[in-house]
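Asker: The following block contains a protein sequence and its predicted model.
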Amino acid sequence: MHRIGVLISGRGSNLQAIIDASRAGALPAAVAVVVSNRSNATGLERAQAAGIETVCLESRELSGRQAYDRALARVLCDRSIDLVCLAGFMRVVGAEFLDAFPNRILNIHPSLLPAFPGLDAQQQALDHGVRITGATVHIVTSTLDNGPIVVQAAVPVLDDDTVETLSARILEQEHRIYPQAIRLMLEGRWHLSGRRLIRT
Ligand code: GRF
């Protein structure tokens, strides 16, 4: 059984989807620890309700990116984590952390990358006027929202969509594809060819 560490900053609905998939036997893994950089993240309550260990590493308690990344890596290495899942974790992770988990950190983003990286991806999609957007699970690299793509799902943009309705429709797909991507990564039947993740 593999051990997953999930990093959150807020609501934690993707965390919940991962917990549910693991409990349903749909993942060859269990969530071993949930780390938040905010003590008021409601996702922490979801973890506690599921009996999962939680760790709060607040940014202001650690001065500088390097110190934060080192502390984060230590928490996860100490718990023998195999795969790290960023799920609404509102911090950019640096080299020190990436080096501790090479090709073993995933992130989920609410657009079809490489369109609309960064904040407010759903608003960016509405502002641009695209007819199709979606969700992407990718491997985290040193460039924001730019690593090799693991799984994507397309979502139509409707004429009467607001940022709320579009976000809700994308979120449904996020909850479906994050467990799928985790399973693919942990089953190990893949390799990278340049930026491309090839299933073998
Ligand atoms: C999701 O839309 C995810 O794609 C983005 O942040 C949001 C997190 O939502 N990175 P939740 O905390 O998982 O509910």
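Answerer: That came through, no problem.
Asker: So for the longest helix belonging to the chain, what gets flagged as buried?
Answerer: Of all the segments of type helix in the chain, defined by DSSP state H, the longest one is helix 163-187. Applying a neighbour-count criterion of 16 or more other Cβ atoms under 10 Å, the buried positions in helix 163-187 are 166-167, 169-171, 173-175, 177-186. Yep, even glycine has a C-beta here, placed from its N, CA and C like the rest.
Asker: repeat for stretch 60-68
Answerer: Within stretch 60-68, the residues that qualify as buried are L62, R65, Y68, counting by 16+ other Cβ under 10 Å.
Asker: Just the closest of those residues to the ligand, please.
Answerer: Of all the buried residues of stretch 60-68, Y68 has the smallest distance to the ligand: 18.6 Å, by Cβ to the nearest ligand atom.
Asker: can you pull the pLDDT of the closest one?
Answerer: Per-residue confidence for Y68 comes out at a pLDDT of 93.
Asker: And it, how close does it get to R199?
Answerer: For Y68, the distance to R199 equals 34 Å [Cβ to Cβ, to the nearest Å].
Asker: what packs against the longest helix of the chain?
Answerer: Identification of packing neighbours for helix 163-187 by 3 or more Cβ pairs under 8 Å, 6 or more residues apart in numbering; DSSP states H and E yields helix 13-23, strand 83-86, strand 105-109, helix 121-128, strand 132-139, strand 149-156.
Asker: from what I can see I170 touches V157, true?
Answerer: No. Contact between I170 and V157 fails when scored by Cβ atoms under 8 Å: they sit 9.8 Å apart.
Asker: Find the residues that touch each one of these two.
Answerer: When contacts are counted by Cβ atoms under 8 Å, 6 or more residues apart in numbering, I170 and V157 are jointly contacted by T133.
Asker: Point out the residues in this structure that sit beside the ligand.
Answerer: Residues of the chain found near the ligand, taking Cβ under 6 Å from any ligand atom as the criterion, are 8, 10-14, 43, 87-88, 108-110, 171, 174.
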